[in-house]
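> please work out how this folds:
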Amino acid sequence: MPEELSGVYRIIFPSDRSDEDQRRQALDYITDAWIEAVKDGLDPNQIAVAALEASIREMVALRGETYTIDMLARQSGRVEAGECSAHATRQ
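Sure thing, here's the model as predicted:
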């Protein structure tokens, strides 16, 4: 049965895959959706802003504000270190 999460309906399935495998697959799904949005003529900057806003809302709903703030601080450090630059190698 669908479970409501932040106003979005999802079916939650348990998984035996590692967190890293799930993160990589999720990134693939998001990348595919991004490409489709660009093909449909959406501005990549607007896609990025919308993706960040949706991600932050979901993270707050799932883990709470404190965790989300800490996670965003860690991500900020990664950006400052150059880990998110276009030339950075995907881990």
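
> what's the helix or strand for the spatially most central residue of the chain?
Centroid-nearest residue in the chain, with CA atoms, centre = their mean: S55, separated by 5.2 Å. According to DSSP states H and E, S55 maps onto helix 44-63.

> ok, which stretches of this protein are helices?
19-39, 44-63, 65-80 (DSSP state H).

> contacts for the last one?
Just to be clear, that refers to helix 65-80. If you take CB atoms under 8 Å, 6 or more residues apart in numbering as the criterion, helix 65-80 is touched by I56, M59, V60, R63, C84. Glycine gets a C-beta too; all of them are placed from N, C-alpha and C.

> average model confidence for that helix?
Helix 65-80 shows a mean pLDDT of 94.

> go on, the first one?
The predicted model assigns helix 19-39 a mean pLDDT of 93.

> if you count contacts, what does that helix end up packed against?
On a contact count with 3 or more CB pairs under 8 Å, 6 or more residues apart in numbering; DSSP states H and E, helix 19-39 meets helix 44-63.

> show me which residues of the helix it packs on are buried.
Across helix 44-63, burial judged by 16 or more other CB atoms under 10 Å covers M59.

> ditto for stretch 32-47
A37.

> off-centre distance for that stretch?
When C-alpha coordinates are averaged (CA atoms, centre = their mean, to the nearest Å), stretch 32-47 and its chain have centres 15 Å apart.

> what residues does that stretch touch?
Here stretch 32-47 makes contact (CB under 8 Å, 6+ apart) with A51.

> switch to numbering from 16
OK, 16 is where the count begins now, so the last one is stretch 47-62.

> end to end, how far does it reach?
With CA to CA, to the nearest Å as the measure, stretch 47-62 spans 12 Å from end to end.

> which residue in the contacts of helix 80-95 has the weakest pLDDT?
On pLDDT alone, C99 ranks lowest of those, at 84.

> quick one: contacts for it?
C99 is in contact with Q90, R93, counting by CB under 8 Å, 6+ apart.

> export the contacts of helix 80-95 to TSV and tack on distance to K54?
Shown next, in TSV, are the contacts of helix 80-95 (distance: CB to CB, whole Å):
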residue	distance to K54
I71	26
M74	28
V75	30
R78	33
C99	23
